[in-house]
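Asker: Sharing a model prediction with you, sequence too.
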Amino acid sequence: MKRNFEFAGLRYPKSFLKLLLLGFGVVSLPLILALWNAGAYVDRLTTQSQAAVEQAAEAARGSRVLMEQVTAMERLARQYLILGDASLLADYATVRRSFKQTTSDMSLLPLDETQLQELNKTIEKEQALFEQLGGKHDRREERKQMIDGYVELSDLANSVLKQSNLLIDREIENMGAAARRTQSSLLWQLAASIPLGVLIAALFAFLIAKPIRQLDHAIRQLGGAEFATGIQVRGPADLEYLGQRLEWLRQRLAELEQQKTKFLHHVSHELKTPLTALREGSELLADGSSGTLNQQQSEIAEILRHNSLQLQRLIEELLGYQQALDSINRLELQSIDLSEVARKAAEAHKLALAARNLNLALHLEPAALTGDADKLRVVLDNLLSNAIKYSPEGGTITLVVRNEQDKILLEVGDTGPGIAAEDQERVFDWFFEGKLAHQGRVKGSGLGLAIARELVLAHRGSIEVIADRAPGAHFRVGLPRLQG
């Protein structure tokens, strides 16, 4: 047997704990990848948004400064044209240097085409006006034309500012669109990771549950005294080792079962010879064949005869137990009517019923099924015998055969003391006698119901105690119509 069981090319870890940790890790992997990817998306979106916001803010700030500088140059130009003061022209030159630095800085920003065009127009317009400002402007029309030019320059600077504000709005929209795309992408990744995680979890659940199911089956197999089939557990090394110990236990129990069988067979046969002599001797004494007995001697002889008969019956039941074990799984299947089998079984108990003054109520529906008539007759005999033993004189025994969907139900009930609640789970165990059994007139061997259960299970049926019926004990057998 391989040390580690292979599944889809993979091997079980050496311990069950490692298998659990591996399963947890692999199941968590899709979620970890999704979280890592989400973090990368958010980081990239944050970086892009920060850069866009900084650029837009820088463009807006430059546009406001540019607007202030153009306004200052326009005011100085108006004053110079009116007063002709050379110091005003020097102040204009100072503001103009700042203007040129601002436009130079703005031109380095990643402006769109419209902003760049407006900025170039502003620079060109200011350059043309500065060249005209240095000349003579004696006529009023020339001064008015210069002032109108600075008004146009102010309008151009204002247009640059508006474009910068529009840039901010566009960047906000772009960030919103990018956030929506990121959200949609993350949702799709989450939608894909959930079924993938469920699939991986189902796979590991199968891998984890498989050796546990094998162990559970092995324990149930041993608990049901099924020692013929070997036990093999495949999985982590520690569970495989546990399966090997269960296999060793199975072999030991099988050996003990064989020894018990041999012992019962040997003892049963060895006791029959002296028991026969004891029974014949007690019969001769009771019949007076060896002389007339007084009353006390007759009572002693009757006690000997009664107990020898009871001992012989118990020995025969032990032999019948061994024969039942040997033949339980050898079914001779044929089409039968269970109601006819039940009717014949009831007729065979007429004398026992009459001796105890018991009434038998039959409710038999025609019920065709595939089964072994002889072994089902044994089931009925054991259930009826059990009911007769524990029914009070004058009581009633019910025997019911009825159809129910895809199976047939057989019920036997009596009006005796019933079965104690704590004994209902064990009443079908081999050699088990409940608490109420010792209070009855007849003590059994604890084999009849156990044999009935094995024969019913061999027919793939079920047998149970009906706990909600009173008074007495009530048994229900369910049999499939066809044997699969």
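Answerer: Yep, it's here.

Asker: list the buried ones in the top strand by length along the chain?
Answerer: Ranked by residue count, the top strand of the chain under DSSP state E comes out as strand 396-404. Neighbour counts over strand 396-404 (16 or more other C-beta atoms under 10 Å) mark Ile397, Thr398, Leu399, Val400, Val401, Asn403 as buried. The way it works is simple: take the backbone N, C-alpha and C, and place the C-beta from them, glycine included.

Asker: Indicate each strand paired with the very next helix or strand once past that strand and its parallel or antiparallel sense.
Answerer: Downstream of strand 396-404, the first helix or strand assigned by DSSP states H and E is strand 407-413. Applying DSSP bridges, strand 407-413 is found paired with strand 396-404 (antiparallel), strand 474-480 (antiparallel).

Asker: Which stretch among these approaches Leu187 most closely?
Answerer: strand 474-480 (51.2 Å; C-beta to C-beta).

Asker: what does the closest one rub up against?
Answerer: For strand 474-480, contacts defined as C-beta atoms under 8 Å, 6 or more residues apart in numbering pick out 338, 369, 371, 376, 379, 383, 404, 406-414, 456, 459-466.

Asker: if you go through the stretch 351-484 of the chain in chain order, where are the helices?
Answerer: For the stretch 351-484 of the chain, helices defined by DSSP state H, counting those that start in this stretch occupy the ranges 373-390, 448-458.

Asker: How many residues are close by Gly478?
Answerer: Residues near Gly478, counting by other C-beta atoms under 10 Å, number 17.

Asker: do Glu257 as well
Answerer: Residues lying near Glu257 (other C-beta under 10 Å) number 14.

Asker: right, and it touches Glu226 too?
Answerer: No: when contacts are counted by C-beta atoms under 8 Å, Glu257 is not listed as touching Glu226 (10.4 Å).

Asker: mind listing the helices in the stretch 1-150 of the chain by residue range?
Answerer: Assigned by DSSP H, counting those that start in this stretch, the stretch 1-150 of the chain shows helices spanning 16-83, 86-107, 113-133, 140-223.

Asker: tell me the mean pLDDT for the shortest one?
Answerer: So the one you mean is helix 113-133. Regarding helix 113-133, the rounded mean pLDDT is 81.

Asker: hang on, Leu246 packs against Ile231?
Answerer: Yes: counting by C-beta under 8 Å, Ile231 is a contact partner of Leu246 at 4.9 Å.

Asker: Which residues are in contact with each of the two?
Answerer: Common contact partners of Leu246 and Ile231 (C-beta under 8 Å, 6+ apart): Ala218.

Asker: who's in contact with the nearest residue to Ala72 once chain neighbours are set aside?
Answerer: Leaving out its chain neighbours, the residue that sits closest to Ala72 by C-beta to C-beta, 6 or more residues apart in numbering is Val95, at 4.9 Å. Residues in contact with Val95 (C-beta under 8 Å, 6+ apart) are Gln69, Ala72, Met73, Leu76.

Asker: tell me the contacts of the third one?
Answerer: So that's Met73. For Met73, the contact set (C-beta under 8 Å, 6+ apart) comprises Tyr92, Val95, Arg96, Phe99, Glu126, Tyr150, Leu153.

Asker: Mean pLDDT lowest where, among the helices of the stretch 351-484 of the chain?
Answerer: When I compare these, helix 448-458 is least confident, with a mean of 85.

Asker: Mind listing what's buried along that one?
Answerer: Neighbour counts over helix 448-458 (16+ other C-beta under 10 Å) mark Gly448, Leu449, Ala450, Ile451, Ala452, Arg453, Glu454, Leu455, Val456, Ala458 as buried.

Asker: Pretty sure the third one sits against Phe428.
Answerer: Yes: in this structure, Ala450 sits in contact with Phe428. The criterion is C-beta under 8 Å, and the distance is 5.7 Å.

Asker: Tell me the pLDDT of the residue nearest to the spatial centre of the chain.
Answerer: With distances taken as C-alpha atoms, centre = their mean, Ala205 lies nearest the centre of the chain, 7.6 Å away. On the pLDDT scale, Ala205 is placed at 71.

Asker: got the domain boundaries for this protein?
Answerer: Split into domains by automatic domain parsing, the chain comes to 16-199, 237-325, 330-480.

Asker: End to end on the last one, go ahead and measure it.
Answerer: The first residue of domain 330-480 is 18 Å away from its last residue (C-alpha to C-alpha, to the nearest Å).

Asker: so where's the stretch 301-450 of the chain uncertain?
Answerer: Applying pLDDT under 70 to the stretch 301-450 of the chain flags the ranges 306, 310, 313-314, 316-329, 430-446.

Asker: ok, which stretches of it are strands?
Answerer: Counting by DSSP state E, counting those that start in this stretch, the stretch 301-450 of the chain has strands at residues 334-337, 359-364, 368-371, 396-404, 407-413.

Asker: Give the pairing partners of the first one; include direction for each.
Answerer: It stands for strand 334-337. Going by DSSP bridges, the partners of strand 334-337 are strand 368-371 (antiparallel).
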